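In: Quick one, fold the following:
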Amino acid sequence: MTSAVPQPRGGTERPSAGGRAGLRSLAVALLLGAVGSAVALLASRQGWTEGTASVPGGDFPLTAKGSEVTGVPAALAVVGLAALVAVFAVRRAGRVLVAALLTLCGAGTVVAAVLGASDSAALDDRAAEVSGDASATVDALSHSSWPYVAAAGGLLILLAGLLALRYGRLWPAMSGRYERDGTPRRRRAPVVDPDRPEDLWKAIDRGEDPTQADGPSPAT
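Out: Predicted coordinates:
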């Protein structure tokens, strides 16, 4: 004989397919965005170009860091990291806009880094400075692989932005539990105990009628 009482289900309910996809994409986007920003910032501090300038007494070696060639990759990496964090503070259309900003930061980092890989303006300025000749240019120019490392970081930021655009609506947002919408909240009137004279007098002082107070009637 089977019991008619329903048996409780064991364990917890599994998240839906959309919820699992949202959690996976969230983890991947956070990883890609954080790593991409760190890589772009690190690469911008390394030497991108090398060369020599002709000065009296011989050749003077010159080196230009990525931040000296172009400050765009580092700046966009910082903005992209801030946008990745801001995705959780906004909802709906705001989240789409922030995700689009994150995507543009990644794309801009890639473009700026690739263009900076063949830029010699920073070393030419340095050559003019050390030689005292405004028309001096750098000789034996060579480029390192760090610009392409910065571009790879920008690509990771770009992928994080695309994930935010595709799955951002499934990601959790900051709780609005403590947010106030400006609507006045009703204050609950204190419970008046008819057996306590002091409560009756306090109710009268507040302009209330203690005989109309809601609550359980005293036991008889």
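In: Every contact and neighbour count from this point should use C-alpha atoms.
Out: Fine.
In: need the next SSE after the top helix by length along the chain, C-terminal direction.
Out: The residue-count maximum for a helix in the chain (DSSP state H) belongs to helix 17-44. The element immediately downstream of helix 17-44 (helix or strand, assigned by DSSP states H and E) is strand 47-55.
In: Quick one: distance of the longest helix of the chain to the chain centre.
Out: Relative to its chain's centre, helix 17-44 lies at 10 Å (CA atoms, centre = their mean, to the nearest Å).
In: in that helix, what counts as buried?
Out: 22-23, 25-26, 29-30, 32-44 (16 or more other CA atoms under 10 Å).
In: First-to-last residue distance for stretch 53-70?
Out: End-to-end distance for stretch 53-70: 21 Å, by CA to CA, to the nearest Å.
In: do you know how far Y167 is from R24?
Out: Applying CA to CA to Y167 and R24 gives a distance of 10 Å.
In: One more: A100?
Out: According to CA to CA, A100 and R24 sit 20 Å apart.
In: Endpoint to endpoint, stretch 43-61 covers what distance?
Out: So stretch 43-61: terminal residues 21 Å apart, CA to CA.
In: Contacts for stretch 105-115 next, please.
Out: 40, 70, 72-74, 76-77, 79-80, 147-148, 150-159, 161 (CA atoms under 8 Å, 6 or more residues apart in numbering).
In: hmm, back to that, which secondary structure elements does the longest helix of the chain contact?
Out: In terms of contacts (3 or more CA pairs under 8 Å, 6 or more residues apart in numbering; DSSP states H and E), helix 17-44 is packed against helix 66-69, helix 72-86, helix 146-167.
In: can you rerun that using 6 Å?
Out: In terms of contacts (3 or more CA pairs under 6 Å, 6 or more residues apart in numbering; DSSP states H and E), helix 17-44 is packed against helix 146-167.
In: For the helix it packs on, enumerate the helices and strands it packs against.
Out: helix 17-44, helix 92-116.
In: Comparing those by mean pLDDT, which bottoms out?
Out: Comparing mean pLDDT across those, the weakest is helix 17-44, with a mean of 87.
In: Mean confidence (pLDDT) on the helix or strand encompassing W201, please.
Out: Using DSSP H and E, W201 maps to helix 197-205. Helix 197-205 shows a mean pLDDT of 70 in the predicted model.
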